[in-house]
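Engineer: When you get a sec, could you give me coordinates for this:
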Amino acid sequence: MKTSLKMTLGAVLWTAMVLQPSSLLAQGSLTPPGPPAPTMKTLQQVEPRVPIFSAPFTISQPGSYYLTTNLTVSGGNAITIAANGVTLDLNGFTISSTANPASGTAVLISGGLQDITIQNGHIRGGVTNNGSGFFSGPGFWYGIYYSGSDLQNVRVSGVSVSGCQYDGIYVGDGASTTVENCVVRTVGSSGIVANTIRGCVALDCGYSAIYGGQVSDSRGQSVGSSYGLYAATTALNCYGSSGNSFGLSATTAQNCCGISSNSYGLYAYTAQNCYGYSSSSYGLYAYNAQNCYGYSYSYYGLYAERTAIGCSGSSGSGYGLYAFATAIGCYGVSSSGTGLYAGRTAIGCYGESSGGPSGLYAQNAAFCTGFRSGGRAIEATIANGCWAGAGTNLITYKYNMP
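Structural biologist: This is a model prediction of the structure:
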């Protein structure tokens, strides 16, 4: 029975193959349609950027360029960018110059260009500061610089510059120039100049160390006669110091510190959570100050053109804290000047002076405390709920005060 069934199935299959061969055999021609196509990528496909092997080198076409080695020139410019739409990757290498005295620019950008990116590398010269603010030595005049009309859409990122006769990174403060995560040290003029500056450090600069529109998370030190750090609009989480000018200056300063030997430590229209120090001028000067501290050895510790809220100020011989209009919840101390002065109103404040006119002065004082051993603790026209810790009071009209 089984044998008969196998024979029957075999006959059926044989019949199907004979009667319908076209459905069982392979279809189509076996002839190849053409020669085999290449499977390897071209060098341009693998690395579409243009290599730079030597300097001087001029970039005259848009595209992406990269260094393949360290570059050294004996004078003049190393790389010149003369086209829009250029990305220059220093690729971790260093551009240097042996020119003595210094000359030329490491990366020069022609004026009026746009869409330029320079990133990831080093520019090094041998210019040094002799300790008195005089810079000299071999290297470049400028690290990254432009000449001519303003640039647009320019970004410099991850570049370090040192030992230049003049500016470190200067791309102008136009609306669309950005420098981020860069370091500049020992340059005879400006450290970093751009509209937006983020996460940068510029130290030992002969002029403004950091100068921009919006500056954040940055630190600048000028050893000359200009700003440690300047922000035309906002400075956030920044530090600036200067020997002979403003330590830090901004329209709005938040979480910042400014230090100066001979000028304003920190200057701002609005200062919040800031600290300022000066040896011979205002420690911190603001139109409105909140939660700030200022110290001066011989002048105003903290000066508020309008209002001081939750602030502290101290001085060796000037006003500890001075508020032209209102001081609220503030503290001021001075060795030989008035501890706390409020031109209009002081509320919940404390003022102390060791040898100045008074511990606390205000036209209207409410819930304040003054301390001045052997002198006027509180000087006010109207006082309400105030207390003299030590000394006497000079009050034209007192209300609810012992």
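Engineer: Tell me where the stretch 301-402 of the chain has helices.
Structural biologist: For the stretch 301-402 of the chain, applying DSSP state H, counting those that start in this stretch gives no helices.
Engineer: Poorly predicted segments of it, please.
Structural biologist: 391-392, 394-402 (pLDDT under 70).
Engineer: swap the cut-off to 90 and go again
Structural biologist: 355-357, 372-377, 379-402 (pLDDT under 90).
Engineer: Kindly report the same for the chain.
Structural biologist: 1-48, 130-133, 147-149, 173-175, 224-225, 243, 261, 355-357, 372-377, 379-402.
Engineer: hmm, try it at 70
Structural biologist: Residue ranges of the chain with pLDDT under 70: 1-47, 391-392, 394-402.
Engineer: Tell me which residue is most central in it.
Structural biologist: Ser218 (3.6 Å; CA atoms, centre = their mean).
Engineer: what sits against that one?
Structural biologist: 197-202, 210, 229, 238-239 (CB atoms under 8 Å, 6 or more residues apart in numbering). Yep, even glycine has a C-beta here, placed from its N, CA and C like the rest.
Engineer: can you check Ile116 too?
Structural biologist: Counting by CB under 8 Å, 6+ apart, Ile116 touches 81, 84-88, 109, 151, 153-155.
Engineer: Save these as CSV, and put in neighbour count, distance to Pro56 and secondary structure too.
Structural biologist: Below are the contacts of Ile116 laid out as CSV (neighbours: other CB atoms under 10 Å; distance: CB to CB, whole Å; DSSP: H, G, I helix; E, B strand; the rest coil):
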residue, neighbour count, distance to Pro56, secondary structure
Ile81, 22, 12, strand
Asn84, 15, 20, coil
Gly85, 14, 21, coil
Val86, 22, 16, strand
Thr87, 17, 19, strand
Leu88, 28, 14, strand
Ile109, 27, 15, strand
Leu151, 21, 21, coil
Asn153, 16, 25, strand
Val154, 25, 21, strand
Arg155, 18, 23, strand
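Engineer: What values do phi and psi take at Ser103?
Structural biologist: The phi/psi pair for Ser103 (degrees, to the nearest 10) reads phi -160, psi 160.
Engineer: give me the number of residues near it?
Structural biologist: Under the neighbour criterion other CB atoms under 10 Å, Ser103 is assigned a count of 18.
Engineer: In contact with the closest residue to it other than its chain neighbours, which residues?
Structural biologist: Spatial nearest neighbour of Ser103, chain neighbours left out: Gly75 (5.2 Å); criterion: CB to CB, 6 or more residues apart in numbering. Gly75 sits next to 97, 99, 103-104 when contact means CB under 8 Å, 6+ apart.
Engineer: The residues you listed: which two are farthest apart?
Structural biologist: Farthest pair in the contacts of Gly75 (CB to CB) is Ser97 and Ser103. Separation: 7.4 Å.
Engineer: Mind listing the shared neighbours of the two?
Structural biologist: With CB under 8 Å, 6+ apart as the test, Ser97 and Ser103 both reach 75, 140.
Engineer: So what sits opposite Ile378 in the bridge?
Structural biologist: In this structure, Ile378 bridges to Leu360, Asn393 when assessed by DSSP bridges.
Engineer: quick one on the thing from earlier: just the ones of the contacts of Gly75 in strands?
Structural biologist: With DSSP state E as the criterion, strands contain Ser97 from among the contacts of Gly75.
Engineer: Count the residues that sit near Pro62.
Structural biologist: Neighbourhood size, Pro62 [other CB under 10 Å]: 11.
Engineer: ok, now which ones touch the closest residue to it other than its chain neighbours?
Structural biologist: Leaving aside its chain neighbours, Pro62 sits nearest to Gly85 (3.6 Å; criterion: CB to CB, 6+ apart). Contacts for Gly85 (CB under 8 Å, 6+ apart) come out as 62-63, 114-116.
Engineer: And Gly85, how close does it get to Tyr239?
Structural biologist: The gap separating Gly85 from Tyr239 is 36 Å, by CB to CB, to the nearest Å.
Engineer: and stretch 134-149, which residues are buried?
Structural biologist: For stretch 134-149, a neighbour-count test (16 or more other CB atoms under 10 Å) marks 135, 137-146 as buried.
Engineer: before we move on, what about stretch 288-302?
Structural biologist: Buried, per 16+ other CB under 10 Å, within stretch 288-302: 288-290, 292-297, 299-302.
Engineer: Distance to Ile169 for those - can I get that in a markdown table?
Structural biologist: A markdown table is the format used below for the buried residues of stretch 288-302 (distance: CB to CB, whole Å):
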| residue | distance to Ile169 |
| --- | --- |
| Asn288 | 33 |
| Ala289 | 32 |
| Gln290 | 33 |
| Cys292 | 31 |
| Tyr293 | 32 |
| Gly294 | 31 |
| Tyr295 | 32 |
| Ser296 | 33 |
| Tyr297 | 34 |
| Tyr299 | 34 |
| Tyr300 | 35 |
| Gly301 | 35 |
| Leu302 | 34 |
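Engineer: Inside strands: which ones of those residues?
Structural biologist: Among those, the members found in strands (DSSP E) are 288-290, 293-296, 302.
Engineer: Hmm, Tyr166 is touching Ile144, no?
Structural biologist: No - when contacts are counted by CB atoms under 8 Å, Tyr166 is not listed as touching Ile144 (11.6 Å).
Engineer: neighbours around Gln272, how many?
Structural biologist: 18.
Engineer: how about it, what does it touch?
Structural biologist: 252-255, 289-292.
Engineer: between these, which is closest to Asn181?
Structural biologist: Distances from Asn181 to those, taken by CB to CB, are shortest for Asn255, at 19.2 Å.
Engineer: Contacts only, for Ser317.
Structural biologist: Ser317 touches 297-299, 334-337, counting by CB under 8 Å, 6+ apart.
Engineer: and it, how far is that from Ser96?
Structural biologist: Ser317 sits 50 Å away from Ser96, taking CB to CB as the criterion.
Engineer: coming back round to it: return the member of the contacts of Ser317 nearest to Ser280.
Structural biologist: Nearest to Ser280 among those, with distances taken as CB to CB, is Ser298, at 5.4 Å.
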